[in-house]
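Trainee: what's the 3D shape of this:
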Amino acid sequence: MKQILLFFFFFLILSLKNIEYLALAFAVVELIAFKNAWKLSKKVIKSIFFFNLSVSIGYLILSIFKSINPWYYIAYINLKVFTLTLFVFWFFSKVSIIEFFSFSKEMSYLLTITLSQIYSYKKTFEDFRMAFKARVVNLRNKEKVFVKNVFMFFLKKSMHDAHERALAMRARGFFDDGSKNE
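Mentor: Residues are numbered from 1 along each chain as shown. Reported below is the predicted structural model:
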């Protein structure tokens, strides 16, 4: 029941259009996460900084051309993203994601697939990064090539893995679209 109420609160935050109510929701989230609010807030800032900065600058530039006051919207959107992200970080620090999706066999299966992909990709990326550091003396000259090659590797790998996972899921009855296994 507690999880359902928290889930409802998340959607309430999503639906807020008024900055004053959003500020109140932010205060509630800060109170809920009181014990580790500062630690979570630093984590939130690290994770959303560049996204919020680019959106804010883009809106600021657009507002210059449109001759509108951008500050209300910039404050609103940054507060909303911060509040939602803080709530999600707090929520999943208290609730096990596996337990959260245990109500459904299919959702648990999809979560297992997703988590295995995340950990597999993370391990592969760490292996690439360590190999790059071990083999390249002048890192700055080769970074662009490394990033491009790693990006292409993960793009090809994700396309291949997505196809393989779709076939496995279709074989287990997840898709009922009438298509044949390819």
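Trainee: Now do the buried residues in the top helix by length along the chain.
Mentor: Counting by DSSP state H, the longest helix found in the chain is helix 139-171. Buried residues in helix 139-171, counted by 16 or more other CB atoms under 10 Å: 146, 165, 170. (C-beta placed from N, C-alpha, C; glycine too.)
Trainee: which ones are touching the residue nearest to Y72 when sequence neighbours are not counted?
Mentor: The spatial neighbour of Y72 that comes closest, neighbours along the chain excluded (CB to CB, 6 or more residues apart in numbering), is I19 at 6.9 Å. Residues near I19 by CB atoms under 8 Å, 6 or more residues apart in numbering: 72, 75-76, 79.
Trainee: Show me just the buried residues among those.
Mentor: 76, 79.
Trainee: Of the contacts of I19, just say which sits nearest to K105.
Mentor: Distance to K105, by CB to CB, is smallest for L79 among those, at 38.3 Å.
Trainee: So for that closest one, what's the nearest residue that isn't a sequence neighbour?
Mentor: Nearest one to L79, counting by CB to CB, 6+ apart, is L22 at 5.4 Å.
Trainee: Give me the pLDDT for that neighbour.
Mentor: Among the per-residue scores, L22 holds a pLDDT of 89.
Trainee: Quick check: it vs E126, distance?
Mentor: With distances taken as CB to CB, to the nearest Å, L22 is found 38 Å from E126.
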